[in-house]
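Student: need the 3D shape of this:
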Amino acid sequence: CGAGAQVKTTVRCIHALDITKEADKITIRIRGNGFLYNMVRIIVGTLVEAGLLERSVQSVKEALESLDRSLAGKTAPAKGLILSAVAYEEKIFQSVQ
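Tutor: Got it, this is the predicted structure:
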């Protein structure tokens, strides 16, 4: 969602974040209950900066804990970003009579 979206809450939960490297290819997989506008790209940009030693691991932790976007890294370009799967939680609805 982007700014001004009609959502109940902007709180999102990251369930897993895995980073793998094969030859010259780095893959970052993020699994969560939903994502905000550019959220994944901001996470990736921040991790890239840490990987390049442009920021400390501690600064990444502080950015996450602060909930302040200005403390996070640059927004990574969309090039190479792939949505690999979408899963929906099954909800059981009962009729009220």
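Student: spatially central residue in this protein, please.
Tutor: Of all residues in the chain, the one closest to the mean position by C-alpha atoms, centre = their mean is V40, 3.4 Å from it.
Student: correct me if wrong: that residue contacts G34.
Tutor: No. Counting by C-beta atoms under 8 Å, V40 sits too far from G34 to count as a contact (11.0 Å). Every residue, glycine included, has its C-beta placed from N, CA and C.
Student: give me the longest helix you can find in the chain.
Tutor: helix 39-51 (DSSP state H).
Student: show the average pLDDT along it.
Tutor: Averaging pLDDT along helix 39-51 gives 95.
Student: can you list contacts of it?
Tutor: Applying C-beta atoms under 8 Å, 6 or more residues apart in numbering, the contact partners of helix 39-51 are 12, 14, 17, 19, 28, 30, 55-57, 59-60, 63, 69, 72-78, 81.
Student: how does it look with 6 Å?
Tutor: 28, 30, 55, 60, 72-76 (C-beta atoms under 6 Å, 6 or more residues apart in numbering).
Student: tell me the SS of I82?
Tutor: Classification of I82 by DSSP: H, G, I helix; E, B strand; the rest coil places it in coil.
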